[in-house]
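Q: Coordinates only, no sequence provided:
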């Protein structure tokens, strides 16, 4: 592609590679005239400024000269930090040395040295790459001189003149050996000189005698190879010679139809050789293969000189006989055509439409040049893979060796993977108790140990009793303390009774005349029996008060059966025990009223809660320091329907405390209630789970708690939690980045927002050891499913690990769940099918159960051939797809057999539909997902109709992708639009859309590009 241009008829020379910015020196060409027959000459230096988008080059300096130039070189000779030296060979036979710094500046003499040693025009110049002070020049009469810029007045010759004497058209220093110089004559002969011996060492000539040599170059890397270009129209070839086999050319490059005027070999890439010919073509060759790898778009003019830019290897300059110096880039781009009059000026406005400026896309080289190719490279790929490569240097004549790409697994989180593997082993084997015990032993703190102890209890029988023990309330221990206290009290009372009995007996003995006499003869044995206590019937009579005091009124109320009045009198007199005893006889309502009156006067709320069964009051009103007592009361008394909400209420109060200690206590409450969502929220509120190990701590607790609840329910447990979904996606991403893709799929939640993550993992899971091979989606969606639970935030009471199973037995719940909404994957939890989304109007999916987390992915037999990846959009059938039998709507009483036949008579080509190429599958995934998101967010019927129509019209795009009927430019624009849609940058996507439409054939894109614009406009409006 042409990047710069200037109107000059001149020879050219690029500044050395070390100079910045790149400059181009132009000397007025000899033996050429422009249309004005101007005979003046000058040496000009232009700066190539790519910040300026125009084709013009900036003139930085000019120097009038007395002679025009046949040849011009810019030497990297830098004695005092200068810009080098410009050396020109003129038509008068002079060789002149110029200072570029003086030309760029003012007030200095730009001519450093000049010699008229040659007798004819100096057509050949070259400098030594190893000693830049050495310059070779060639002129007529076989004259060749070697000049030393440090002593310019005394040149030397490489040897005796060649005979017969003829013009020297080109001289060239060897690129690998500093004392080797070559010269060539128009007759086609080339001579190689050894300057140490001052004699020619080999001569090369073509036996056809039709080689009219216009150029000669040494191979940049191989010291024994050179190329010769022929200007003869009868033999327009480039011959590649190897001095080791100098009898005939090693290779002949034939593609020009007329003679070759100039050649240039890239020093940055030996596989790039430029040639320009009389056939108005500039070709770029690969000399190793002999093929043309690039052709520059040039005008219909001969280019007599082409040169690579040393500073920027992608640039080259071409001087043509029409008076233009053009700078091209071999990396491609856009080429704008100027107006047909060639003036570049805007024409006056006419009354007819003006045509738009035509733009031609110029492709780059067929293969990347050497300066773009990396010698080594490394890149991290999905799944923790490290892809590395290296390009070992190979000699040009050596057979190319196979390049190897190494794919290795990089693991940076070793401890994380080890703990994840232990968790996965526990989930698969079911050995949760031993897993919890290991966690207790390795827990870094007492709080961590308490959490794992609580989780362990969930897998044991009598969970409530063991929860109480962990809280410090053991029934057996309490019974022992009560028994000891009771025994001590009884022994104390017994001792008191024994002492008083002895004293009483002694007193009676003294009164009877001495205890020692016993039963003397003065008393009869019958007296003993007469002193025994009297029977109840012989007890003294008691009095029933009927006075007007409290006792009397109570008696009167009891006599007439007024228990309520008697209880009121007892309560007013503070006789609560009598009031409660009387209320028992007065009925349940009176007893309840009496209890309430009594409890209102008590300060112990625990007694009140136990009697009234009002546990919400205790969890809402108790001191937070008494959280253990409150939780113990719930474990002892609360029924299943109240247990989970009450535990969550207590946990919420503790979490609101804001400290880490309170949050850990709240986590214990959420473990007892089985509320996984609240456990995740509480745990992450005080702990940073961004690191892999911290996230592993959370996932271990969540998975173990989930399995304990499933054990109690004898069924699957599904949790709908955005916080848990986010953490599981993060956990799956870390697993995938460490190469554990299978485990990542098990934990990945089935959430519509994570569809791109799921597809990405599906595509990148290795199949048969190959990286990036697609795999068949499993029959059930991987990872924990997320249907809506009966009550958001809570599990069913019968599923609670702390539920009173022995005290309140309940029936095991069923495994069915409510039907999911339109935003959930097709088929509901547990239903087989592809990972997809639904459109509008889809019938409710069937219910099912969730797949267990530790369930392995579907294992396929060895001889199984996987089908094509499922790429159909998303929940719901396409308009042309067959409808299931039970979904067909027929009139009442009409037979359904014809519908069955119609299903069997579908076109065969629909079944065998082509697949969309893998590199373009992301287009269908992105646009279908965008349609689905818009359908979920759209509220008005008109927008929904537009979206339905867009979904249908996008099929034309997918068909073109299947048929590969789109041009690369359109495909590139579609992929750019897809990236903008994925980034939610719809404004940028619309701008790219406009560019694609304006630069493409509308008939090729009219079926789908308008609907893409409508779709992005709706998405931008809905902010989806």
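A: Received, thanks. Please read all numbers here as calculations on a predicted model, not as lab measurements. Numbers count the residues shown, from 1 in each chain.
Q: Only C-alpha atoms from now on, for both contacts and neighbour counts.
A: Will do.
Q: in the stretch 501-650 of the chain, which spans are helices?
A: For the stretch 501-650 of the chain, the helices defined by DSSP state H, counting those that start in this stretch cover 526-530, 550-559, 563-572, 576-586, 588-600, 605-612, 615-621, 627-637, 640-656.
Q: between these, which gets the lowest average pLDDT?
A: Out of the helices of the stretch 501-650 of the chain, helix 526-530 stands lowest, with a mean of 57 (criterion: mean pLDDT).
Q: Packing partners of the helix or strand containing residue 114?
A: For residue 114, the enclosing helix or strand under DSSP states H and E is strand 111-115. With contacts taken as 3 or more CA pairs under 8 Å, 6 or more residues apart in numbering; DSSP states H and E, strand 111-115 sits against strand 95-98, strand 151-156.
Q: Tell me which residues of it come out buried.
A: residue 111 (16 or more other CA atoms under 10 Å).
Q: Mind listing residues that contact it?
A: Outside strand 111-115, the residues that touch it by CA atoms under 8 Å, 6 or more residues apart in numbering are 94-99, 152-153.
Q: Now with 10 Å, please.
A: 63, 65, 85-89, 93-100, 102-103, 149, 151-155 (CA atoms under 10 Å, 6 or more residues apart in numbering).
Q: any idea which helix or strand of this structure has the worst average confidence?
A: The helix or strand of the chain with the lowest confidence, counting by mean pLDDT, DSSP states H and E, is helix 897-904 at a mean of 40.
Q: how far away is residue 672 from residue 415?
A: Here the criterion is CA to CA, to the nearest Å. By it, residue 672 lies 30 Å from residue 415.
Q: let me fix that: residue 424
A: 14 Å.
Q: Same check on residue 8?
A: 71 Å.
Q: quick one: contacts for the closest residue to residue 254 other than its chain neighbours?
A: Using CA to CA, 6 or more residues apart in numbering and skipping the chain neighbours, the partner closest in space to residue 254 is residue 237 (5.1 Å). Applying CA under 10 Å, 6+ apart, we find residue 237 in contact with 211, 228-231, 252-260, 275, 277.
Q: Tell me the strands beside the strand holding residue 114, with direction?
A: strand 95-98 (antiparallel) (DSSP bridges).
Q: Now the partner strand: average pLDDT?
A: Here the average pLDDT along strand 95-98 is 93.
Q: Go ahead and name everything in contact with that strand.
A: 43, 63, 69, 71-75, 84-90, 109-118, 121-122, 125, 137, 147, 149, 152.
Q: next one: phi and psi at residue 285?
A: phi -110, psi 160 (degrees, to the nearest 10).
Q: Residue 424 and residue 415 - which one has more neighbours?
A: Higher neighbour count among residue 424 and residue 415: residue 424, with 19 against 12, using other CA atoms under 10 Å.
Q: count of neighbours near residue 208?
A: Residue 208 - counted by other CA under 10 Å - has 8 other residues nearby.
Q: hang on, the earlier thing: among the helices of the stretch 501-650 of the chain, which is nearest residue 182?
A: helix 640-656 (88.9 Å; CA to CA).
Q: what's the distance between that closest one and the middle of its chain?
A: On the basis of CA atoms, centre = their mean, to the nearest Å, helix 640-656 sits 39 Å off its chain's mean C-alpha point.
Q: okay, the angle between that helix and helix 627-637?
A: With axes from the mean of the first three to the mean of the last three CA atoms, to 10 degrees applied, the angle from helix 640-656 to helix 627-637 works out at 170 degrees.
Q: quick one: secondary structure of residue 962?
A: helix (DSSP: H, G, I helix; E, B strand; the rest coil).
Q: Ok, residue 689 next?
A: Assignment for residue 689 (three-state DSSP): coil.
Q: Over to residue 975?
A: helix.
Q: Hmm, it is touching residue 922, no?
A: Yes. Between residue 975 and residue 922 a contact is recorded at 8.2 Å, counting by CA atoms under 10 Å.
Q: any idea of the mean pLDDT in the strand holding residue 114?
A: Throughout strand 111-115, pLDDT has a mean value of 90.
Q: How about residue 324, nearest residue that isn't a chain neighbour?
A: residue 7 (4.5 Å).
Q: Look at residue 628 and say how many residues are nearby.
A: 17.
Q: residues in contact with it?
A: Contacts of residue 628 (CA under 10 Å, 6+ apart): 468, 470-473, 634, 665, 669.
Q: Okay, it and residue 697: tell me how far apart.
A: For residue 628, the distance to residue 697 (CA to CA) stands at 24 Å.
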